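Novice: based on what follows, work out the 3D shape:
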Amino acid sequence: MAAPIVAEPAPEPPAPAPLPREAIAGPRPPVAEPRRSAMDRLAAQPAPARSSMRLKLAWAASILVLLLAIAAAYAWRDEIIAGWPPSARAYALFGLEPRTEATQ
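Specialist: Residues are numbered from 1 along each chain as shown. Sure thing, here's the model as predicted:
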């Protein structure tokens, strides 16, 4: 007797491959970079080169103006005291008195 023929069950078909995300939802929108703070943007830029010559000229000009103001206050102290009498106390602090006829 022959053995009964038993049919093997048919193999299951392979599962379909998952579709890529682009095929389901379409292309992804471009991702924006996170907004950087002002300090981060400033730190990313190199500091501009500064001219030390300009700085030195500015200091020299400032000192010159100050010396000229002191010289003018000394040279015209009589006129300044006559125009604003309380300034005599400031001159007295530095040992300067208004010039009189005897001191000229």
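
Novice: so after the strand or helix carrying residue 67, what's the next helix or strand?
Specialist: Take DSSP states H and E as the rule and residue 67 turns out to sit in helix 52-75. Helices and strands here follow DSSP H and E; after helix 52-75, the next one along the chain is helix 77-83.

Novice: contacting residues around that next one?
Specialist: The contact list for helix 77-83, computed with C-beta atoms under 8 Å, 6 or more residues apart in numbering, reads 73, 87-88, 91, 96, 98-99. Heads up, the C-betas are built off the backbone N, CA and C, glycines and all.

Novice: in that helix, what's buried?
Specialist: 77, 80-81 (16 or more other C-beta atoms under 10 Å).

Novice: residue 13: what secondary structure?
Specialist: At residue 13, secondary structure determined by DSSP: H, G, I helix; E, B strand; the rest coil is coil.

Novice: one more: the one 4 residues further on?
Specialist: Residue 17 falls in the coil class when you classify it by three-state DSSP.

Novice: mind checking how far it is from residue 95?
Specialist: As defined by C-beta to C-beta, to the nearest Å, residue 17 lies at a distance of 101 Å from residue 95.

Novice: how about residue 74?
Specialist: Residue 74 sits 12 Å away from residue 95, going by C-beta to C-beta.

Novice: quick one: which of these two has more around it?
Specialist: Each of residue 74 and residue 95 has its neighbours counted (other C-beta atoms under 10 Å); residue 74 has more, 12 against 6.

Novice: what's the offset of stretch 53-66 from the middle of its chain?
Specialist: Relative to the centre of its chain, stretch 53-66 is centred 24 Å away, using C-alpha atoms, centre = their mean, to the nearest Å.

Novice: give me the mean pLDDT for it.
Specialist: Averaging pLDDT along stretch 53-66 yields 96.
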